[in-house]
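Novice: Predicted coordinates and the sequence they were generated for:
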Amino acid sequence: MSLPFLLEIGTEEIPDWMIVPALNNLQDMFQAMLDQHTLGGRVEEVHATPRRLFLRAGGLLERQADVEELVLGPPKSVGAGAAAGFAKKMGTTVDQLTIQSTAKGAYYAITKRTQGISVTEVLARELPNLILKIQWPKTMVWNGKGTERFIRPIRWLVALLGNAVVPFEIGGVKSGNTTVGHRVLGKPSIPVSIQDFDQQLKANGVILSAAERRDKIEFGIKAWRVKRDPDLLQTLIYITEFPTPILGSFDPSYLDLPQEVLVTVMRHHQKYLSVEDADGKLAPNFIAVMNIDADPDGLVRQGNERVLRARFNDARFFWDQDQKRRLQDRLEDLKAVTFNAKLKDSSYYDKTQRVVRWVSDLGGEEDAQRAALLCKCDLTTDMVKEFTDLQGIVGGLYAREQGESEEVARAIYDHYKPLSMDIEDAVPSTLNGCLVSLADKLDTLTECFKVGMAPSGSRDPFGLRRAAQGIVRISVEGQVNFELPQFGELAEFMRDRVEYYFRDVRGFAYDEVRACMAVGWNELLDLQWRLNRVKRVRATPDFEPIAASFKRIKNILKQAAYSDGGPYRPDLLEPGPELELYSEMRRTADQPLESRIGPLRPKVDLFFDKVLVNVPDLELRRNRLALLQNLLTEFSTIADFSEIVTERQS
């Protein structure tokens with residue numbers, strides 16, 4: 001008989017961004033525990049709200065199966081004394097032992113039978129440790145020093161196998177069959193079973209499924225033109241148990257402030273969705289998502305409007321105050337702002353001077369260098385100190401307001417882009433913006449690697465992975481040609497990001513990426529050009545056979561330990577397949593890869609069918625190896641085709 005299982009871990013409110021990784025970790029660990037202890041069953045679903053993690057599994061056994069294990073003892077040759085000692089250790093007598101023949105000889109042995117225990121007993125033993133092992137960025141204690149640690153205090157536990165409670169305890173909280181409803185809409189104590197758990201929670205103001213909460217929010221806002229914000233929507237899903245959107249408004253006079261400032265104020269502090277008018281411009285409205293079912297008297301709406309009004313007044317004050325000083329006048333202030341305390345030149349003023357030099361080295365002219373000089377000045381403004389998400393953006397807005405050219409303002413505005421590998425997260429919109437962004441990121445990487453601050457594990461305080469990803473994307477998508485470092489730890493770090501980008505983001509096959517990177521990868525526009533060529537030619541019928549031939553050539557050269565690399569002598573080539581291959585190589589020498597593969601393939605095939613490379617004559621052998629080496633070299637300017645996986649290999 002198989003049984004369903006249900007686990008709920010009830011806590012104080014968990015930070016929204018921690019929930020999904022922890023839920024996935026719980027699912028993986030629980031399934032591993034089922035498999036390890038042969039309990040049967042599979043995890044069927046996991047859910048979470050700010051106050052609970054939930055797991056449901058099906059198909060668990062009532063008891064573990066009994067296990068028989070053959071245990072080998074001492075060799076038969078050592079005598080009766082050793083056999084008696086082994087029998088005593090195994091809790092039996094010598095007459096119950098058997099003789100087991102193995103490749104190493106005959107051994108005393110016994111078949112040990114281990115009786116399976118109830119699954120309830122195993123779960124009761126394993127669950128406390130499993131729950132406390134859920135991975136969190138940080139944890140806390142709530143029962144005093146040295147006690148259990150979890151992301152938030154555990155307040156209740158539900159653990160049911162079939163209709164029975166799985167008994168265990170964590171931090172003084174005992175498991176049971178009683179859950180807790182919504183703080184406002186539900187009861188504080190609700191008896192549940194596996195069958196009615198979801199319904200009981202919903203009746204008490206808790207929508208367990210994140211997908212259902214998302215649908216409820218999206219249905220509630222569809223009447224309005226909401227500015228798309230998937231990250232904020234994800235946050236709203238995991239800070240509510242019963243989300244209900246409401247429409248609020250603000251004084252249209254605040255629209256005199258830049259849209260970026262208003263949207264950030266609403267999003268950053270209040271977690272409001274912005275609303276647009278029919279022309280796509282910001283409307284004097286917002287959407288708040290309550291964690292209750294209704295606001296009949298408008299009190300929640302009014303409270304949100306009052307708080308937002310105060311926030312907008314702060315933003316207006318910061319804007320007006322910041323405008324009293326030009327960005328250029330703030331350069332000296334950057335000497336007091338630390339970029340990296342481990343560096344000799346550790347301030348943002350020092351970083352700014354380096355970024356200007358980087359931009360110049362990348363070919364940036366006057367506007368790009370001006371943008372580089374001013375790009376970090378907004379770090380000293382009140383607006384950025386209050387709303388750090390606006391760094392760069394505020395600098396660009398202030399530059400435009402203060403009469404800098406549009407090219408300079410736009411480059412400053414964009415210079416933190418892109419923030420991720422997501423294609424929707426665009427690279428800077430101008431060449432100057434790309435150059436400043438590249439310079440900023442290259443400086444961050446170079447300086448941090450100089451002082452041994454390469455990322456390790458989850459530690460990456462300076463966002464070096466993100467910076468490296470941005471460099472790769474800007475070079476390719478912004479069409480900026482420059483050379484990445486080729487040697488050292490930073491080069492290997494960049495190489496991994498380049499391979500990931502072309503394989504997982506751009507969708508090239510992994511062997512195409514490896515083949516092309518094997519002959520050079522530090523000029524990304526060239527790498528992309530070669531990848532596109534290999535991808536196109538791979539679809540032709542002659543490609544895989546000739547790729548297999550190149551692999552064969554490489555193996556022959558390796559086995560022959562051929563490293564001469566010198567020219568071959570045409571006068572030593574014998575008439576027939578060898579001379580025909582040489583002639584075809586000469587005839588097609590100036591043609592592109594796509595045109596050469598078809599004519600060369602039959603000549604290469606015939607050469608290997610009819611010509612013995614490793615002939616006894618040393619001079620003739622060296623000449624044939626040189627011919628093959630030259631053929632391989634001619635094609636290796638595009639890719640190392642021996643890296644391509646052919647059908648015969650797969």
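Specialist: Cool, got the structure.

Novice: Please count neighbours and contacts with C-alpha atoms only from this point.
Specialist: Will do.

Novice: mind checking how far F318 is from E386?
Specialist: For F318, the distance to E386 equals 9 Å [C-alpha to C-alpha, to the nearest Å].

Novice: So which of the two has more stuff around it?
Specialist: Comparing F318 with E386 by other C-alpha atoms under 10 Å, the one with more neighbours is F318, at 17 against 13.

Novice: neighbouring contacts of whatever helix or strand Q469 lives in?
Specialist: Using DSSP states H and E, Q469 falls within helix 464-477. Outside helix 464-477, the residues that touch it by C-alpha atoms under 8 Å, 6 or more residues apart in numbering are 417-421, 427-428, 434, 438, 441-442, 444-445, 454-455, 480-482, 494, 497-498, 501, 524-525, 528.

Novice: same question, stretch 632-644
Specialist: The contact list for stretch 632-644 (C-alpha under 8 Å, 6+ apart) reads 511-512, 514-519, 530, 534, 547-548, 550-554, 593.

Novice: of these, buried ones?
Specialist: 511-512, 514-517, 530, 534, 547-548, 550-551, 553-554, 593 (16 or more other C-alpha atoms under 10 Å).

Novice: so N143, which of the three states?
Specialist: coil (DSSP: H, G, I helix; E, B strand; the rest coil).

Novice: pLDDT below threshold where in the stretch 51-200 of the chain?
Specialist: Across the stretch 51-200 of the chain, the ranges flagged by pLDDT under 70 are 68.

Novice: quick one: which two of the buried ones among the contacts of stretch 632-644 are the most distant?
Specialist: R530 and I553 (21.5 Å; C-alpha to C-alpha).

Novice: Going by contacts, tell me the helices and strands next to the lengthiest helix in the chain.
Specialist: Assignment by DSSP state H gives helix 299-322 as the longest helix of the chain. Here helix 299-322 touches strand 244-249, helix 259-265, helix 382-386, going by 3 or more C-alpha pairs under 8 Å, 6 or more residues apart in numbering; DSSP states H and E.

Novice: switch the cut-off to 10 Å
Specialist: Packing partners of helix 299-322 (3 or more C-alpha pairs under 10 Å, 6 or more residues apart in numbering; DSSP states H and E): strand 244-249, helix 259-265, strand 282-290, helix 382-386, helix 393-401.

Novice: quick one: buried residues of the fourth one?
Specialist: Buried residues in helix 382-386, counted by 16+ other C-alpha under 10 Å: D382, M383, V384.

Novice: Can you tell me which of those comes closest to H47?
Specialist: Distance to H47, by C-alpha to C-alpha, is smallest for V384 among these, at 36.7 Å.

Novice: Neighbours of R533, how many?
Specialist: 16.

Novice: Adding mean pLDDT, write the helices and strands packed on helix 299-322 out as CSV.
Specialist: Listed next are the helices and strands packed on helix 299-322 as CSV, based on pLDDT from 0 to 100:
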stretch, mean pLDDT
strand 244-249, 96
helix 259-265, 94
strand 282-290, 96
helix 382-386, 94
helix 393-401, 95
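
Novice: Distance to A83 for those - can I get that in CSV?
Specialist: Converted to CSV, these look like this (distance: least, C-alpha to C-alpha, whole Å):
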stretch, distance to A83
strand 244-249, 75
helix 259-265, 79
strand 282-290, 74
helix 382-386, 78
helix 393-401, 81
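
Novice: and the residue in the chain sticking out farthest from the centre, how far is that from V94?
Specialist: Centroid-distance maximum for the chain: A80 at 61.8 Å, with C-alpha atoms, centre = their mean. Counting by C-alpha to C-alpha, the gap from A80 to V94 is 8 Å.

Novice: joint contacts of these two?
Specialist: Residues touching both A80 and V94 (C-alpha atoms under 10 Å, 6 or more residues apart in numbering): F86.

Novice: can you map out the helices along the stretch 401-550 of the chain?
Specialist: 406-414, 431-450, 464-477, 488-500, 510-517, 524-538, 543-559 (DSSP state H, counting those that start in this stretch).

Novice: Tell me which of these sits most buried.
Specialist: Ranked by mean neighbour count under mean count of other C-alpha atoms under 10 Å, these are led by helix 406-414, which reaches a mean of 25.

Novice: Would you mind extracting the C-alpha trace of it into PDB?
Specialist: This file holds the C-alpha atoms of helix 406-414, laid out as PDB (Å, rounded to 0.1, in the frame of the first residue of the first chain):
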ATOM      1  CA  GLU A 406      22.900  64.300 -25.500                       C
ATOM      2  CA  GLU A 407      25.700  61.900 -26.300                       C
ATOM      3  CA  VAL A 408      27.400  62.500 -22.900                       C
ATOM      4  CA  ALA A 409      24.100  62.300 -21.000                       C
ATOM      5  CA  ARG A 410      23.000  59.100 -22.800                       C
ATOM      6  CA  ALA A 411      26.400  57.400 -22.200                       C
ATOM      7  CA  ILE A 412      26.300  58.200 -18.500                       C
ATOM      8  CA  TYR A 413      22.600  57.100 -18.200                       C
ATOM      9  CA  ASP A 414      23.400  53.700 -19.800                       C
END
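
Novice: and S101, what is it in contact with?
Specialist: P75, K76, Y107, Y108, A109.

Novice: Packing partners of the strand or helix carrying the last one?
Specialist: This points to A109. Per DSSP H and E: A109 is located in strand 105-114. Other elements packing on strand 105-114 under the criterion 3+ C-alpha pairs under 10 Å, 6+ apart are strand 67-75, helix 80-89, strand 98-102.

Novice: now the end-to-end length of stretch 374-394.
Specialist: From its first residue to its last, stretch 374-394 covers 12 Å (C-alpha to C-alpha).

Novice: nope, stretch 605-624 is what I meant
Specialist: End-to-end for stretch 605-624, by C-alpha to C-alpha: 15 Å.

Novice: got it, and stretch 369-389?
Specialist: 24 Å.
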